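Novice: coordinates only, sequence not included:
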C-alpha cells in the first residue's frame, strides 16, 4: 500500500541545497510507488505562536495564515520529512516556527515516520547534534514517533553545491526506502 509522504522544506533559498535534496528524496519516494509532495514553508505565511492557548481548547489556532493547510497535510501523511539548512548550529527559524505551531494537532501526529534532512557548510557531523536534538525534542512530545533516518548534508554552503556530492544519490536512496 502506498504511503503518503509530506516533505517540509525549511530552506528560504529556492533550489538551495536543502531543496535539492528534498527533490531527490521525493523522486525516490515516487519511484518506489508512494505518494509525496514538497511544501516550501518559507513561501508560506506562518505566524509565530502567541502562547494564547486557544488551540488547546478549540484544536484550531486563531491566526488566519497558511498553517491550517500544513497541519491538515501533516495529519494525513504517514511519513513526514523535516528539512532545514543549519544556521548557527540549529534549525532555521521557519522550521522552528512550524514546529511550534503544531500544537493544535500534535496529539494527532502519533505513529508517524520521520526523516530529517540537514544541510550545512560545517563538515563535522557531531557539531550537528544540537539541530538533531531540536527535532528529537519535538518527536519526544509525540506519541510513538518513528525516526527513520537522518541525511547529513555536510560541507555544502553555496547554492547548488550539493550537486557535486554523493548526497543527491543518498537522498534518492533514502526516499526510495520509505
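Specialist: Done, it's in. Note that this is a predicted model, so its numbers are computed, not measured. Numbering: from 1, shown residues only.
Novice: hmm, who's touching stretch 122-131?
Specialist: 84, 86, 89-91, 118, 120, 152, 154-155 (C-beta atoms under 8 Å, 6 or more residues apart in numbering). Backbone N, C-alpha and C define where each C-beta goes, glycine included.
Novice: Go ahead and confirm residue 41 touches residue 67.
Specialist: No - judged on C-beta atoms under 8 Å, residue 41 makes no contact with residue 67 at a distance of 9.5 Å.
Novice: Return every residue with contacts to both of those two.
Specialist: residue 98.
Novice: Now do the closest residue to residue 155 other than its chain neighbours against residue 65, distance only.
Specialist: Leaving aside its chain neighbours, residue 155 sits nearest to residue 123 (4.5 Å; criterion: C-beta to C-beta, 6 or more residues apart in numbering). From residue 123 across to residue 65, the span is 37 Å (C-beta to C-beta, to the nearest Å).
Novice: So which of the two has more stuff around it?
Specialist: residue 65 (13 against 10; other C-beta atoms under 10 Å).
Novice: how would you label the residue nearest the centre of the chain: helix, strand or coil?
Specialist: Compute the mean C-alpha point of the chain, and by C-alpha atoms, centre = their mean the closest residue is residue 82, 1.3 Å away. For residue 82, the assignment made with DSSP: H, G, I helix; E, B strand; the rest coil gives strand.
Novice: count of neighbours near residue 178?
Specialist: With other C-beta under 10 Å as criterion, residue 178 counts 21.
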